[in-house]
Structures are given as structure tokens and as C-alpha cells.
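Enquirer: what would the 3D arrangement of this be:
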Amino acid sequence: MSQYEIVTFIVCITAAIAYINNKFIRLSPTIGIMALSLGFSFVAIAIHGFFPDVAHTFTNVIASIDFHKLLMKGMLGFLLFAGAIHIDAKSLKAERLPIISLATVGIFISATIIGTLLYYLFHAFGLDIGYIYCLLFASLISPTDPIAVLAILKKSKLPKSLELKIAGESLFNDGVAVVVFLTILQVAQTGIENLTFGDISLLFLQEAVGGILYGFVIGYVGFLAMQSINKYEVEVMITIATVMGGYMFADFIHVSGPLAMVVAGIVIGNKSRKSGVSDITMDYLEKFWELIDEMLNALLFMLIGFEMLVIEFDKKIIIIGVIAIFIVLLARFIAVALPVTILRTKMSFEKHAIAILTWGGLRGGLSVALALSVPKEMFRDQFVSITYIIVIFSILVQGLTIGKLYKWLLNKGNKEEEQSAKT
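Expert: Below is the predicted model of the structure:
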């Protein structure tokens, strides 16, 4: 099949699945589309013996899609910018301490715990996987995925301040985690003995700090260009150029494209709302990027569901993957609890913040894409399978229950307060 035929096939399948979900099932679009595509994957596997040509053709189409390249080089910049453009900078600034702490310290704590525990878990199952590779896996599974988080939070009805903490953390720790992943990957490829602490620190600073500064520059330049005219078609086109050209050039100058898109989105969104952009332009701008967000989310989570057809599993890896779910949740809990407990001495947090931040730390397409980019000799097949198991649990179980968990915790707290008042 040609590239055009593959794209047409994907869009048509996604539209059909989105229609079925919206008409009959009515789950959150992200969860519903992925659940249905998973179901279709199982159907394709089941009918393979009866209709081998149909199942084989379908599997070949999915296998021909470079998921890592599609997300990391194509969709990610658009999705991050679309999520960031709606973030209120003033509210974000008020929550900057927990967001920065969770997106930096939290990532390092989580990666260290996951890497260490998985190292012993792999060896317990007779898999001789080195510690540096366990850390590599930990760096790709530690970040909460902004695409999954932002899509599901819209339906969860959490308090706005808590929602902003989760959304802000997921946007920024995405970029930080990609930088950490690339740094550990370089260490694994080069050898720790060939790199100094200064080399590693310089690489991290160049990617992370450079990405933030670069994002601010292109965001501000884009805003100035929009401010100088009054034609919404051109102004929307400027934002598209900012994402496409900005993300591509970030790769060229070796700074973090994901972080740059987050910052550029926040700058353009907030500057445009405050001054220099007409109401009609702002209306078109917000609706356009909301539509892009919804469409690309649907495509992404449809593909995640259909990845089941091309990922290889064996019994040992499935068991390890299930155990890894609990390891990831434990690491997330510790990575949230430590910063929040310390920060509570300086600022107030919502009731049950630790529990909701832990359970709301969803993993998604970013982790799958990073796992697929691991070289084959660095245990890619095992890491991809385990990542997929964790992502499926994260989105289907955590994503479906995050709102219900918050309501249950509130009701439980209210009952405890009533009982204590009576006594």
C-alpha cells in the first residue's frame, strides 16, 4: 500500500471507531477509541484462522506504520502545543513549585526506583539485563503522558487547581523525560567510562534549558507576527508554522523539541488572549487547536490499540509486565509523596492530592514511542511488551477510575468528619 492509502485507511478506521464510541458506548474518546481498537485487534487475531488474508493484510498495514517516527517526529509537537495553548500562565505560575518538583525531582526518584526494582525482577526471572538498560526503561516509563492525561482530565471533574498540577506536570515532565531518556541512551551506547559528569550535565542542560529558551523565543516571535496583522487565516497559519518549523529546527540545534512546543504554546496562548489579537482570531485559534488535539488524540489511541497486533508477547514477559504495573505505581507514589510532603510546609494542597496525583499519573503513547526507539540489542522487544502492558492498564483502568476515585475519597472523608463531629 502507498503512504496515502495507509493514511486514508487509518483515518477511516479511526472515524468509524470514534463514531461507534460516541453513538453507542459513550466512554471518554481517548479510552473508548483505544478500548475498541484493542477489541478489534483481538477479533483480528481470532479470525486469523478463518480469514487469513484479511487478518494478514490488516496486520501488515499496522506493521508498516513507524509508530515512533509518527509520534515523535510528527504528532507530538502538535499535541503538546495544542495542550499548552489553553494553559493559563497566571494559574500555572501559582502552581509552579509542585509542577517543577514533580516534573524534575519526581522523574529522577521514579526512574531510580523503577530501574532498581526491575533490575532485580528481571534477574529473578532469569533475564540478564544490565542496570543501565533497566534505567533506560525506567526513564521512558516514568513520565506521565500529557496526551493521555489532558484528554482524560477533561472528563474527570477534578478541582481546577489539582487538574492544573497534573496537566502542568505532564506537559513539562514529558520534555524532561525525553531528555533523561536520550542522556541515558547515550551513556548506554558510549559507556559510562567514556563520559564524565560534566558531559552528561552539559547534554542535559543543552536539551532542557535550551529547549525552554528556544520555545520562549519562537513563541514570542510567533506572537509578534500575529499581533502585526488582523487576518485570522494567516494568524492560525503562523501557529502551524511555529509548531512544524520550530519542532524541526529544535532537532537540528539539539534542544528539546517537546519542551520548546510546551513553552511556545503557553507564550502564544497567553499573549494572544491578553493583547494584540482580535476576538475572532482567538476564537478560531482555540477551536482550530482543540480540533487538532481531538483528531490526533483519536488517531494516536487507535494506533496504540492496534499495536497489539505487532507486539510479541511470551508468558514470562506478561508476568513481568503485570508485576511492573505495581512497581510503577509504587514509584509514582513515592515520587509524588516526597515532594508534596516537603512542599506542604510552604503551601496548601487539596485533600487527597497524593492519591489523585499518583493514580492520575497516566502512561501513554510517549512511553510506547520511546520504547520502540530503543536499539534491538538493548532489549527493545522485552521493553516494548512491558511498556504496552503498563500503558493499557494505565489508560483503561486508571483513566476510567480517576474521577470515581476522587468522588469516593471525598465521600469517605466527609463521612469520617461527620462521625468525628458526632463523637
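Enquirer: residues contacting residue 378?
Expert: Each residue near residue 378 by CB atoms under 8 Å, 6 or more residues apart in numbering is listed here: 133, 136, 188. To be clear about C-beta, it is placed using only N, CA and C from the backbone, and glycine gets the same treatment.
Enquirer: ok, the nearest residue to the second one once chain neighbours are set aside - contacts?
Expert: I take that to be residue 136. Distances taken as CB to CB, 6 or more residues apart in numbering place residue 184 nearest to residue 136, at 4.9 Å, with adjacent residues excluded. Going by CB under 8 Å, 6+ apart, residue 184 touches 132, 135-136, 139.
Enquirer: going by distance to residue 363, which of these wins?
Expert: For those, the residue nearest residue 363 by CB to CB is residue 139; the value is 12.6 Å.
Enquirer: mind giving me the packing neighbours of the helix or strand that contains the closest one?
Expert: Here residue 139, judged by DSSP states H and E, is contained in helix 131-141. On a contact count with 3 or more CB pairs under 8 Å, 6 or more residues apart in numbering; DSSP states H and E, helix 131-141 meets helix 105-124, helix 160-190, helix 315-343, helix 365-372, helix 380-393.
Enquirer: how about 7 Å then?
Expert: With contacts taken as 3 or more CB pairs under 7 Å, 6 or more residues apart in numbering; DSSP states H and E, helix 131-141 sits against helix 105-124, helix 160-190, helix 365-372, helix 380-393.
Enquirer: tell me which residues of it are tucked away?
Expert: Within helix 131-141, the residues scored as buried using 16 or more other CB atoms under 10 Å are 132-141.
Enquirer: returning to that earlier point: which one of the helices and strands packed on helix 131-141 lies nearest to residue 50?
Expert: Among the helices and strands packed on helix 131-141, if distance is taken as CB to CB, the winner is helix 380-393, at 25.9 Å.
Enquirer: distance of residue 383 relative to residue 120?
Expert: 16 Å (CB to CB, to the nearest Å).
Enquirer: more neighbours, these two?
Expert: Shown here are residue 383 and residue 120; by other CB atoms under 10 Å, residue 383 has more neighbours (24 against 10).
Enquirer: which pLDDT value goes with the more buried one?
Expert: Per-residue pLDDT puts residue 383 at 96.
Enquirer: residue 194 too?
Expert: 70.
Enquirer: lowest-pLDDT helix or strand in the chain?
Expert: Counting by mean pLDDT, DSSP states H and E, the chain has its least confident helix or strand at helix 146-156, which shows a mean of 69.
Enquirer: so how far is the one helix or strand residue 404 maps to from its chain's centroid?
Expert: Here residue 404, judged by DSSP H and E, is contained in helix 399-422. Put simply, helix 399-422 sits 28 Å off its chain's centre (CA atoms, centre = their mean, to the nearest Å).
Enquirer: tilt between it and helix 160-190?
Expert: Helix 399-422 and helix 160-190 are oriented at 130 degrees to each other (axes from the mean of the first three to the mean of the last three CA atoms, to 10 degrees).
Enquirer: the chain should start at 22 in everything you say after this.
Expert: That works, and once the first residue is 22, the last one we named lands at helix 420-443.
Enquirer: host element of residue 148?
Expert: Per DSSP H and E, there is no helix or strand for residue 148.
Enquirer: for it, what are its contacts?
Expert: If you count contacts by CB atoms under 7 Å, 6 or more residues apart in numbering, residue 148 has none.
Enquirer: for it, what are phi and psi?
Expert: Main-chain dihedrals, residue 148, degrees, to the nearest 10: phi -100, psi 120.
Enquirer: distance of residue 123 relative to residue 134?
Expert: For residue 123 relative to residue 134 (CB to CB), the value is 15 Å.
Enquirer: what of residue 143?
Expert: For residue 143, the distance to residue 134 - CB to CB - is 15 Å.
Enquirer: over to residue 88?
Expert: 27 Å.
Enquirer: equivalent analysis for residue 184, please.
Expert: 26 Å.
Enquirer: quick check, pLDDT for residue 67.
Expert: For residue 67, pLDDT reads 86.
Enquirer: just the local confidence number for the residue nearest to residue 157, please.
Expert: pLDDT at residue 205 comes out at 90.
Enquirer: torsion angles phi and psi at the residue nearest in space to the middle of the chain?
Expert: The residue lying closest to the centre of the chain (CA atoms, centre = their mean) is residue 166, at 1.9 Å. Main-chain dihedrals, residue 166, degrees, to the nearest 10: phi -90, psi 120.
Enquirer: hmm, it is touching residue 383, no?
Expert: Yes: using CB atoms under 7 Å, residue 166 makes contact with residue 383 at a distance of 5.8 Å.
Enquirer: tell me the domain boundaries of this structure?
Expert: Domains of the chain are assigned by automatic domain parsing as 24-84, 88-440.
Enquirer: quick check: end-to-end length of the first one?
Expert: Between the opening and closing residues of domain 24-84 there is a gap of 13 Å (CA to CA, to the nearest Å).
Enquirer: how far off centre is that domain?
Expert: On CA atoms, centre = their mean, the centre of domain 24-84 falls 22 Å from that of its chain.
Enquirer: with the longest one instead?
Expert: Taking the mean C-alpha point of domain 88-440 and that of its whole chain, the gap between them comes to 4 Å (CA atoms, centre = their mean).
Enquirer: span of that domain from start to end?
Expert: First-to-last distance for domain 88-440 - CA to CA - comes to 53 Å.
Enquirer: from residue 277, how far off is the residue lying closest to residue 89 once chain neighbours are set aside?
Expert: Closest residue to residue 89 apart from its sequence neighbours, by CB to CB, 6+ apart: residue 393 at 4.1 Å. From residue 393 across to residue 277, the span is 19 Å (CB to CB).
Enquirer: compare the two and say which one has the larger neighbour count.
Expert: residue 277 (27 against 21).
Enquirer: so for the residue lying closest to the more buried one once chain neighbours are set aside, what's the pLDDT?
Expert: Distance criterion CB to CB, 6+ apart; nearest residue to residue 277, sequence neighbours excluded, is residue 232 at 3.0 Å. According to the prediction, residue 232 has pLDDT 94.
Enquirer: report how many residues lie close to residue 232.
Expert: 26.
Enquirer: tell me which helix or strand it sits in.
Expert: helix 218-248.
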